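**Student:** Fold the following for me, if possible:
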Amino acid sequence: MISRSKWIAGAFLFLACATSAPSFAQDAVGSRRDDDAFLLLRDSVRREDPAKVEFYAAQLGSYAIPSYVDYYRLKPRLRDASEAEIREFLQRYQGSAIADRLRNDWLLELGRKRDWRLFDEQQPQFALNDDTQVKCYALLSRLAKGQNVAGEARSLLTYPPYYGEGCGALIASLYQANQFDANDLWTQVRLAGESNATGPARRTILLLNGSDKKIAQAIDTPLIVMAKGPGVSKAEHETFIVSLGRGARTSLKLAVLALHKAEGKLTPQEAAAGWAAIALQASYALAPEAGEYWRKAANAPLSLDQQQWKARVALREGNWKLVKSTIAAMPPSLRSDPTWIYWQARTLMAEAGASQATPEAAQLFGRIADQQNFYGLLAAEELGRLVTIPAPGAAPTPAEVAAMGANPGFQRALKFFSLRLRFEGMREWNWELRKMSERELIAAAEFARENHILDRMVYTSERTRVQADYTHRYPAPHDDIMRPTTSTLGLDRAWVYGLIRQESRFIMDAQSNVGAAGLMQVMPSTGRWVAKKIGLTDFVQDMLTDVRTNILLGANYMNMVLGNMDGSQVLATAAYNAGPGRLRTWRGTLTKPMDSAVFIESIPYVETRTYVKNVMTNATYYAALFDGKPQSLKTRLGVVLPKGYTEAEQQETSFGSR
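**Tutor:** Okay, the predicted model is just below:
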């Protein structure tokens, strides 16, 4: 095993030797001093301390990454900086990731000032264009010129926590220009309530002459508003509807009682909206009444989240007619997602009573069957194609890999990784990939492998479309530790690697924001508990970042969870992410076996739902690599059984044939 310090040193030795690359070699003490000053500079910007920003920046006149020193120097005073100074920075670092970052910052400032002349000039040059508020300002600029942007705004304005000043101003301006009507604004109020965005809700309801204090109360202390009832005005009715959705998170029973009591005072559409708000929370809870509530909400306009959960509940009920109509009502952007393309096809099969794809279903499966994601693999399997590993293309030459070492963006990325600034490192690395050919991507993945940056190796390899080295895409490091550990436990090595690939992307010192550590992201409390169970008496928390210890504890924990989940990799994977207690609750809602794909799609937590899909997909690819033969994702998924379901009962069910 190569230590972190050795591979960092090796990476920079390689860079220093690259003939076309500027050298980062410095006196060791001076280099550490400069690195410390750079980190303090970055921290001073975050703390909005301009005096310290200037103090530390002055010490870094010849630092290895001058563009970031200049960026950190300019960002805190962007509001007061001259146009000439900003343009000079953009010109000096034209085409770089940090220039695009500054342009993003400047666009936000230009939008805030309503300087549409400069905004319109700069916005088309914003390469990533991934900022919701900048997109709102762009629509606001067009609106100011008399253009109709209502349709684009409705598609964009779906998640109020991301809005900021720009999107709030866009909503108000659209209403003033009669491009949004009151229903558009009430939709925004409901969305804000659904996503716990008190600020946007308060700003929007004021446009409708409602009480910002009452809508805040409906979101923050909903049971009080529910108890008071809907009042008489439209604003009071809508505030009450928001309180139903928020209150149902605490008590479905109280929310249902409040709506029953109030229905006579609400219009049929308002009552339907109230049932939709309750149905969403019932769906999150996997409550058996969720389907009934969605039926009561039949005529309500639904948010994107509500539309998807209505479909998920219908899947759990086996109500294929409702699945079909719900997907058909989704906007095109959602209906064309691989998730809902797959379930559209499955609906066609169910309607035909077919165990194999009908021609219409096959056409839908074919749209996603070449995608290497969860539903892509399931669709391919419905068409008779198992998971196989394609032969790799020609390996990159040493010259091609050396060219990657000479890439200034990759050099900056390596420097940031050495400073444990992963966000900045990933920004620089990913920026460079945008303009690369397939051959260059393969070479970049190999360069990442040689420098032991396995997460970037995986990410880079995933961007290739024609050729790929699957040992780049699905690496198996530390197999000298993993193989005997999994063999002793009788644990599926492909599944363990599939989980690690999702948990940490093989970053040895990965730390989550809740304290999980190492390759397998073991929580300290879990590590102590497992160590005690397996007799690891000398365990201390710092050992979680030791590869051998992390694999030992993580694999043992996976094995324990797998046993508690009756051998189901689907349930054990979900439990590893969300905790065994939640899985016992979710599994406890089952009264009969359930298609695992349905169970996974209806996991209430977005993170866990995505996690399970990715881990099971990863495990299938690893099995194909390790075994050298085609693999079935459907077989790996199996069915999810209620706790205590007998083998005889399992054999009687028809689910096993799918």
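
**Student:** Run a quick neighbour tally on A394.
**Tutor:** 10 (other CB atoms under 10 Å). (C-beta placed from N, C-alpha, C; glycine too.)

**Student:** quick one: it from E446, how far?
**Tutor:** Per CB to CB, to the nearest Å, A394 is found 12 Å from E446.

**Student:** Helix or strand next in line after the worst-scoring helix or strand of the chain on mean pLDDT, which one?
**Tutor:** Sorting the helices and strands of the chain by mean pLDDT, DSSP states H and E puts helix 4-17 at the bottom, at a mean of 36. Counting by DSSP states H and E, the next helix or strand C-terminal to helix 4-17 is helix 28-46.

**Student:** by contact count, what packs against that next one?
**Tutor:** If contacts are counted by 3 or more CB pairs under 8 Å, 6 or more residues apart in numbering; DSSP states H and E, helix 28-46 sits against helix 50-58, helix 66-74.

**Student:** What are the buried residues along the last one?
**Tutor:** Neighbour counts using 16 or more other CB atoms under 10 Å place 67-74 of helix 66-74 among the buried residues.

**Student:** got it, and stretch 268-277?
**Tutor:** Within stretch 268-277, the residues scored as buried using 16+ other CB under 10 Å are 270-277.

**Student:** Kindly export that stretch (C-alpha atoms) in CSV.
**Tutor:** Output in CSV follows, covering the C-alpha atoms of stretch 268-277 (Å, rounded to 0.1, in the frame of the first residue of the first chain):
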residue,chain,number,x,y,z
PRO,A,268,-63.2,21.5,-4.4
GLN,A,269,-59.8,22.4,-6.0
GLU,A,270,-58.6,23.8,-2.6
ALA,A,271,-59.7,20.6,-0.9
ALA,A,272,-57.9,18.5,-3.5
ALA,A,273,-54.7,20.6,-2.9
GLY,A,274,-55.1,19.9,0.8
TRP,A,275,-55.3,16.2,0.2
ALA,A,276,-52.3,16.3,-2.1
ALA,A,277,-50.3,18.0,0.6
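
**Student:** what's the distance between E424 and S504?
**Tutor:** 19 Å.

**Student:** Over to L552?
**Tutor:** From L552 over to S504 the distance is 16 Å, taken as CB to CB.

**Student:** Check the contact lists of A394 and E446 and give me the overlap.
**Tutor:** Common contact partners of A394 and E446 (CB atoms under 8 Å, 6 or more residues apart in numbering): none.

**Student:** Next, count neighbours for A169.
**Tutor:** Neighbours of A169 using other CB under 10 Å come to 20.

**Student:** same deal with K213?
**Tutor:** If you count neighbours by other CB under 10 Å, K213 ends up with 10.

**Student:** now swap in the one 10 residues further on and tell me
**Tutor:** Using other CB under 10 Å as the criterion, L223 is surrounded by 16 other residues.

**Student:** Check the one 10 residues further on too.
**Tutor:** By the criterion of other CB under 10 Å, S233 has 13 neighbours.

**Student:** And for it, nearest residue in space, chain neighbours not counted?
**Tutor:** Closest residue in space to S233, ignoring its immediate chain neighbours: G210 at 7.8 Å, by CB to CB, 6 or more residues apart in numbering.

**Student:** How much space separates the one you found from A216?
**Tutor:** G210 sits 11 Å away from A216, going by CB to CB.

**Student:** now the strands: where do they sit in the chain?
**Tutor:** Along the chain, counting by DSSP state E, strands occupy 594-595, 639-640.

**Student:** Mind exporting the C-alpha coordinates of the longest helix along the chain to CSV?
**Tutor:** The residue-count maximum for a helix in the chain (DSSP state H) belongs to helix 606-627. Taking C-alpha atoms only, helix 606-627 is exported to CSV below (Å, rounded to 0.1, in the frame of the first residue of the first chain):
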residue,chain,number,x,y,z
VAL,A,606,-33.7,10.7,-1.9
GLU,A,607,-30.1,10.0,-0.8
THR,A,608,-30.8,6.4,0.2
ARG,A,609,-32.9,5.7,-2.9
THR,A,610,-30.1,7.0,-5.2
TYR,A,611,-27.5,5.2,-3.0
VAL,A,612,-29.2,1.8,-3.3
LYS,A,613,-29.6,2.1,-7.0
ASN,A,614,-26.0,3.0,-7.5
VAL,A,615,-24.6,0.3,-5.1
MET,A,616,-26.6,-2.5,-6.7
THR,A,617,-25.6,-1.3,-10.2
ASN,A,618,-21.9,-1.1,-9.1
ALA,A,619,-22.0,-4.6,-7.6
THR,A,620,-23.4,-6.0,-10.8
TYR,A,621,-20.5,-4.5,-12.8
TYR,A,622,-17.9,-5.7,-10.3
ALA,A,623,-19.3,-9.2,-10.4
ALA,A,624,-19.0,-9.1,-14.2
LEU,A,625,-15.4,-8.0,-13.9
PHE,A,626,-14.5,-10.5,-11.2
ASP,A,627,-16.3,-13.5,-12.6
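
**Student:** in it, what counts as buried?
**Tutor:** Quick answer for helix 606-627 (16+ other CB under 10 Å): 608-609, 611-626.

**Student:** now do stretch 482-492
**Tutor:** So, applying 16+ other CB under 10 Å, buried residues of stretch 482-492: 482, 485-486, 489, 491-492.

**Student:** Stretch 535-553 now?
**Tutor:** 536, 539, 543-547, 549-553.

**Student:** And these, which is closest to A516?
**Tutor:** For the buried residues of stretch 535-553, the minimum distance to A516 (CB to CB) is 8.5 Å, reached by L544.

**Student:** Not counting sequence-adjacent ones, nearest residue to that closest one?
**Tutor:** Leaving aside its sequence neighbours, L544 sits nearest to A517 (CB to CB, 6+ apart; 4.0 Å).

**Student:** Please verify my assumption that that neighbour contacts Q511.
**Tutor:** Yes: with contact defined as CB atoms under 8 Å, A517 reaches Q511; the gap is 5.6 Å.

**Student:** higher neighbour count, these two?
**Tutor:** A517 (23 against 16).

**Student:** And the helices in the stretch 301-450 of the chain?
**Tutor:** Using DSSP state H, counting those that start in this stretch, the helices of the stretch 301-450 of the chain run over residues 304-317, 320-328, 332-335, 338-352, 359-368, 374-382, 398-405, 408-418, 422-433, 438-450.

**Student:** now the ones you listed as TSV including mean pLDDT, distance to Q521 and mean neighbour count?
**Tutor:** As requested, these are exported to TSV (pLDDT from 0 to 100; distance: least, CB to CB, whole Å; neighbours: other CB atoms under 10 Å):
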stretch	mean pLDDT	distance to Q521	mean neighbour count
helix 304-317	98	27	22
helix 320-328	97	35	18
helix 332-335	96	31	12
helix 338-352	97	26	21
helix 359-368	98	30	18
helix 374-382	98	20	23
helix 398-405	98	29	17
helix 408-418	97	19	23
helix 422-433	98	15	20
helix 438-450	97	21	22
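
**Student:** Using TSV, please lay out the ones you listed together with distance to P288.
**Tutor:** Listed next are these as TSV, based on distance: least, CB to CB, whole Å:
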stretch	distance to P288
helix 304-317	9
helix 320-328	16
helix 332-335	26
helix 338-352	21
helix 359-368	29
helix 374-382	27
helix 398-405	56
helix 408-418	49
helix 422-433	43
helix 438-450	48
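
**Student:** Ok, which of the ones you listed comes nearest G567?
**Tutor:** helix 374-382 (20.9 Å).

**Student:** what's that closest one in contact with?
**Tutor:** Taking CB under 8 Å, 6+ apart as the rule, helix 374-382 contacts 338-339, 341-342, 345, 356-357, 361-362, 364-371, 386-387, 597, 600, 613-614, 616-617, 620, 632-634.
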